[in-house]
Structure formats: C-alpha cells, structure tokens
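Peer 1: Test case, fold it:
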Amino acid sequence: MSASRTTAAAAPALAAPPVRADAVVAVLATVGTSMSLMQTLIIPLIPKLPALVHTSSSNAFWAITATLVAGAVANPVFGRLGDLFGKRRMMLVAVSTQLVGSVVGALATSIVPLVAGRALQGIGIAVIPLGVSLMRDLLPAERLVSAMAVMSSSLGVGGALGLPLAAIIAEKADWHVLFWISAAVGLVLAVLIARVIPESPVRATGGFDVPGAILLSLGLVGLMLAISKGADWGWGSALTLGLLGGGVLVLLLWGLFELRVDGPLIDLRTMGRHQVIVTNVASIALGFSMYAQSLVIPQLLQLPKETGYGLGQSLLATGLWMGPAGLAMMAISPVAGRLISARGPKTALIGGAAVVAGGYLLTLVLSGSPAGVLGFCIVISAGVGLSYAAMPTLIMRAVPAEEGASAIGLNTLMRAIGTSTASAVLGAVMSSMTSSLGPVRVPSHSGLQVSFMIGAGTAVLSCLIACALPRHRAAAALATPSPATPGPVATSAPSPAIPGPAIPGSVAMSAPSPVAPSSAAEAELEAERLSAALAVAGD
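Peer 2: Numbers count the residues shown, from 1 in each chain. You can find the predicted model right below:
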C-alpha cells in the first residue's frame, strides 16, 4: 500500500490554532442542524407544488428526490476533499453551494430550476461529516465525545424541526420566502464558519480520485433513483430495474477500482474493518427506522376523523405536534455523550435502537390522540438521538485521523440509503393497504400499523447488528495515523508535530513497547498512548 493512502501530512505552514471549544461546538451544531433542515424544507409544499410551478404530481416529487440524491453523492466526495484540502474550507464550499441553490429556488417559477436549486441545497448536508471530523481534530479529548454526539444528532434534529417551521412559513407567506430565508441562513452560517472555526491541521496525502468519484456518483445516482422513484415508475419496470441493476454493477466496479488505485476516494481496506462495517450496516437499518415516523405519522395526524382512526389535524398542526420530537433529540445529545463516555458507544447504539423499537410499540396504544402521537414521537426521537450520537465515536475509533471525514461521510451515506429505502418500502405498503373515503383511497389503519411495526422491526435489527460490535475497542491512539491494512511500510514520515486529539475510550493495538524511545518526540507520543490506554482500561 502506498504512503498516500496511509499517512497524514499536515502542511508545514499550519500551526495548531487556538480553539474556543464552546464556540466551535455551537457553530458546528448550528450549521449541521440548519443544513439537515433543508432536507425537509419543501415537504409541506408538495401537495400544492404542481399548481405552483405548473407541473404534474410525479414531477413535483423530484424536488425531494434531487435533494436526497445530491446529498448522498456529496457526503463521501466532500469527506475525501476535506481530508485532502481542509475540512473548514470544504464546509464553506458546501454552505456556499446551499446558498446558491436557495437563491435559484427563490427565483424559480417552473419545476426545472426548482429541482436544480434543491439539488444544490442537498449538497449542504456534507457539512455534518466534515463537522464531526473537525471536532476530532480541534477539540480537547474531554469535550470530544459529547460534541460529536451533538453534531451527529443534528442530522435528525434539523429534519424533525424542518417540517413545522416550513409549514408555518408556507401557510403564512409566499412559498419563495422559504428559499430566501434559506439563503439568508446560508450566508450567516458561512460568516460564522469563516470567523469562528479554525482550519484543521490534519491532512491526508495523495491526490483526489476523480475516476473513483465519477464511478461512485453514477452508481449512487442509479441506486438512489431506483429506490426513490421505483413506486412511481413501477418496481418491475425496465427503467427501475435498469437503474437498480446498473447502479449496483457500477458500484461493484467502483469497489474493484478503489482497491487497486493509489489514493482512493474511500479506502475500502480501512472501511472494511469489522467495527466500521458493523456500524455502517446498523446505520442503514436505523436510518430506515428513523424515517418511518416521518412518513407515517403525518398520515395518521392528517387523515380525516371520518376514517375512524385519522386525527384530522391541519398541516400546520401536524408540524407543531411533531416538532417537539426534534427538541427531544437535541436534549438527549448531552446525555448520550455521558453514556458513551461511561459505558461505551456500543451500549449507546444498542440502547438507542431498543428505545426506538419501544417507541414504535407504543403506537399500538397511543395512536388514538395527538397527545399520544406526541408521546411516542418523543420516545422514538430520543432513541434515534442516542444511537446517532454513538455512530461517529464508533467510526472514529476504527479509522486513522486523516480518513475521518471520508469515514463519517460514508456512514452518513449509509443512513441516507436507509431513509430512501424506508420511503420506497413504506410508500408501497401504505399505497397497497388502503381503505375508501368516498371516492378517494387512503392508507388503511392496518397499513399504518404494519408500517409502524416495520419501523420497530428495523430498529430491533439495528440493535441485533450492533451486538456484533467488539466490546472493547483495540485501536491505536487516535493521535497518530496508522496503516489501514498490513502492507509495505509508508516511506514518508508521519506528522507528529500536529497530532489530532485522541478520543477517550481508544485502547492501543498492542502493549506499549518496553524499548526506550529514541527521541523526545517519540517519548511524548508513547506517553500519550499510555495515557489513552490507562484512561479507558475499565471501558
């Protein structure tokens, strides 16, 4: 394996910047929440969108699909670019792209520019893996776990808060106002990042893998389009099957290419480590379970009372009943950080998935009133927040610092695949299990209940998958990068001058060497490894 794949290189001109930890955490969490909010920004408009931009109902859904697909592609690509060229720099690019997309959407009067603007907005979601990795590089060890918990949970918080906020604005003002506000938010966030967030001194070496990025993008676009639009096109249609099969084939070719190229977009040998694989597979199941409530609960709340099970709420009231779930996810983040520090991220992931499953089971007895819906929404969201908080710690303990943004970007992509799959599967369930409301077919009570139980089942599946995680993580202290796999030793020197902080809970891969260090720098490095190991000996 070449040195470009395994060695971090900090630019000599960079010095460890002074870090205001509280300000960094506050800004990064705000950025993550705001960008994830863009994913649900337009959902309240979907019923009215065909009339607003003179298009069909099926075309209107491209305004959501474009955002999901663009975000899925952006996460791993921006993660690698951040590792190579600076995470703060790429955060600014992502936020600026979102700002441009918001302006395009604000000026749109037809579906094509609206979809283009939404695609550009979707790229903004790449700030979450970049922000998590920045925290690892900048923050002191004692702040790291709780900070990453807050940042990772922002993906769910923004999504939960987006629906009521967008519903209020869409009901009280012209729909273009949503996009102008998004543009203003993007501008403020860009200024905050530029003024508050220092650049990470940690860099990966090598170049950007352009062929790998193209292959990955093509494969993801085919796969995500097939999953997102399969219900509209027909699951057995040539278009759906062609995109699905073609996407899978291209992704397989991409994987083979990545294993042979120096400086790959994503180092699959590193991502193939047991802890990374298990966490990512659990993330797919949990992403599915998380998104189930976003799809099913609005149906339950808005269906007319004449059905016998619908709660007859307006769009605005639906958003307000669901909004506190986002606040619950935010509130659980610091609790999750303490649990991870005390009991380990595996416990937090398993416990969170179990809470999500329990919340879905509560739907069997609490779905008869809006207050009951609020209750089980809060339980589900608290479980999601707990689980999401554990994932970055599990990933970061298993990969070298110079691959942190790429690894978190891949994990975020796994969640996105889970949510897109949930949309396809549960959409098919609710459209096939219907009842009559006059001349209209609406999801039946059994269809809603089956969907809730599928959400519970995928949460249990995530819990069981997480049980395969190792109880004790045996990894090198995160202060230094390490080769992803056995192979030729990197010939370029590591960068001991600006090490990234070690995450509490990491344990050295082998016992500290009894041989005396040959230099003061090595002695200091060995002391850091010993401290990291001793600090978590009881984890």
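Peer 1: Show the subsequent helix or strand relative to the helix or strand harbouring residue 321.
Peer 2: Here residue 321 sits within helix 315-343, counting by DSSP states H and E. Remark: after helix 315-343, the chain's next helix or strand is helix 345-366, criterion DSSP H and E.
Peer 1: Average pLDDT for the helix or strand harbouring residue 371, rounded please.
Peer 2: Following DSSP H and E, one finds residue 371 within helix 370-396. Mean per-residue pLDDT for helix 370-396: 90.
Peer 1: so it versus helix 345-366, what angle?
Peer 2: Angle of helix 370-396 versus helix 345-366, following axes from the mean of the first three to the mean of the last three CA atoms, to 10 degrees, is 160 degrees.
Peer 1: ok, for residue 318, nearest residue in space, not its chain neighbours?
Peer 2: Spatially, and ignoring its direct neighbours in sequence, residue 318 is nearest to residue 301 (4.4 Å; CB to CB, 6 or more residues apart in numbering). The way it works is simple: take the backbone N, C-alpha and C, and place the C-beta from them, glycine included.
Peer 1: For the chain, which helix extends over the most residues?
Peer 2: In the chain, taking DSSP state H as the definition, the longest helix is helix 141-172.
Peer 1: Return the set of buried residues in it.
Peer 2: Going by neighbour count (16 or more other CB atoms under 10 Å), the buried part of helix 141-172 is 141, 143-170.
Peer 1: sorry, back to before: pLDDT at the residue nearest to residue 318, what is it?
Peer 2: 91.
Peer 1: got the contact list for it?
Peer 2: Going by CB atoms under 8 Å, 6 or more residues apart in numbering, residue 301 touches 310, 311, 313, 317, 318, 321, 322, 370, 373.
Peer 1: Pipe those into a markdown table and attach neighbour count and distance to residue 69 per row.
Peer 2: Shown next, in a markdown table, are those (neighbours: other CB atoms under 10 Å; distance: CB to CB, whole Å):
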| residue | neighbour count | distance to residue 69 |
| --- | --- | --- |
| 310 | 19 | 32 |
| 311 | 21 | 33 |
| 313 | 21 | 31 |
| 317 | 16 | 31 |
| 318 | 23 | 26 |
| 321 | 21 | 30 |
| 322 | 26 | 25 |
| 370 | 18 | 34 |
| 373 | 24 | 30 |
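Peer 1: chain center to the strand or helix carrying residue 51: distance?
Peer 2: For residue 51, the host element (DSSP H and E) is helix 49-53. Computed by CA atoms, centre = their mean, to the nearest Å, the chain-centroid distance of helix 49-53 equals 30 Å.
Peer 1: repeat for stretch 409-417
Peer 2: Distance, centroid of stretch 409-417 to centroid of chain: 6 Å (CA atoms, centre = their mean).
Peer 1: Any chance you could list what contacts that stretch?
Peer 2: In contact with stretch 409-417 (CB under 8 Å, 6+ apart) are residues 68, 71-72, 75-80, 125-126, 128-130, 155, 220, 223-224, 227, 266, 271, 279-281, 283-284, 286-287, 290, 388, 391-392, 395.
Peer 1: SS state for the residue nearest to residue 124 when sequence neighbours are not counted?
Peer 2: Nearest non-adjacent residue to residue 124, counting by CB to CB, 6+ apart: residue 98, 3.2 Å away. At residue 98 the chain is in helix, as set by DSSP: H, G, I helix; E, B strand; the rest coil.
Peer 1: What's the first helix or strand after the longest helix of the chain?
Peer 2: helix 176-196.
Peer 1: Now tell me what touches that following helix from outside.
Peer 2: Residues outside helix 176-196 that contact it (CB under 8 Å, 6+ apart): 20, 23-24, 27, 30-31, 34-35, 38, 41-42, 45, 88, 91-92, 95-96, 98-99, 102-103, 105-108, 117, 121, 124, 166, 169-170.
Peer 1: go with 7 Å
Peer 2: Helix 176-196 is contacted from outside by 23-24, 27, 31, 34, 38, 41, 88, 91-92, 95-96, 98-99, 102-103, 105-106, 117, 121, 166, 169-170, using CB atoms under 7 Å, 6 or more residues apart in numbering.
Peer 1: Can you list the buried residues in the helix or strand following it?
Peer 2: Sequence-wise, the next helix or strand downstream of helix 176-196 (DSSP H and E) is helix 210-233. Burial within helix 210-233, assessed by neighbour count using 16+ other CB under 10 Å, is assigned to 212-213, 215-231, 233.
Peer 1: Skipping its backbone neighbours, what lies nearest the residue nearest the centre of the chain in space?
Peer 2: Using CA atoms, centre = their mean, the residue of the chain that lies closest to the mean C-alpha position is residue 412, 3.3 Å off. Residue nearest to residue 412 in three dimensions, not counting chain neighbours: residue 75, with 4.6 Å by CB to CB, 6+ apart.
Peer 1: I'd say that neighbour and residue 132 touch.
Peer 2: No. Taking CB atoms under 7 Å as the definition, residue 75 is not a contact partner of residue 132, at 11.3 Å.
Peer 1: Alpha carbons only: can I get stretch 224-244 in PDB?
Peer 2: Output in PDB follows, covering the C-alpha atoms of stretch 224-244 (Å, rounded to 0.1, in the frame of the first residue of the first chain):
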ATOM      1  CA  MET A 224     -31.000   6.200  -5.200                       C
ATOM      2  CA  LEU A 225     -33.200   7.000  -8.200                       C
ATOM      3  CA  ALA A 226     -34.400   3.400  -8.400                       C
ATOM      4  CA  ILE A 227     -35.200   3.300  -4.700                       C
ATOM      5  CA  SER A 228     -36.800   6.800  -4.600                       C
ATOM      6  CA  LYS A 229     -38.900   6.600  -7.800                       C
ATOM      7  CA  GLY A 230     -39.500   2.900  -8.100                       C
ATOM      8  CA  ALA A 231     -43.000   3.200  -6.700                       C
ATOM      9  CA  ASP A 232     -43.900   5.800  -9.300                       C
ATOM     10  CA  TRP A 233     -42.300   4.000 -12.300                       C
ATOM     11  CA  GLY A 234     -43.200   0.500 -11.200                       C
ATOM     12  CA  TRP A 235     -40.900  -1.800  -9.400                       C
ATOM     13  CA  GLY A 236     -40.900  -4.200 -12.300                       C
ATOM     14  CA  SER A 237     -40.500  -1.600 -15.000                       C
ATOM     15  CA  ALA A 238     -37.400  -1.600 -17.300                       C
ATOM     16  CA  LEU A 239     -36.400   1.800 -16.100                       C
ATOM     17  CA  THR A 240     -36.400   0.900 -12.400                       C
ATOM     18  CA  LEU A 241     -34.700  -2.500 -12.900                       C
ATOM     19  CA  GLY A 242     -32.200  -0.900 -15.300                       C
ATOM     20  CA  LEU A 243     -31.200   1.800 -12.900                       C
ATOM     21  CA  LEU A 244     -31.100  -0.600  -9.900                       C
END
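Peer 1: So what touches that stretch?
Peer 2: 58, 65, 68-69, 72, 222-223, 247, 420-421, 423-424, 427-428, 431.
Peer 1: Next: stretch 344-364.
Peer 2: For stretch 344-364, using CB under 7 Å, 6+ apart, the contacting residues are 282, 286, 289, 336, 339-340, 375-376, 379-380, 382-384, 386-387, 389-391, 393-394, 452-453, 455-456, 459-460, 462-463, 466-467, 469, 471, 505, 539.
Peer 1: Filter the residues you listed down to the buried ones.
Peer 2: Taking 16+ other CB under 10 Å as the criterion, what is buried in the contacts of stretch 344-364 is 282, 286, 289, 336, 339-340, 375-376, 379-380, 382-384, 386-387, 389-391, 393-394, 452-453, 455-456, 459-460, 462-463, 466, 469, 505, 539.
Peer 1: remind me which residues of the stretch 151-300 of the chain are low pLDDT?
Peer 2: The stretch 151-300 of the chain contains residues with pLDDT under 70 at 155-156, 159-160.
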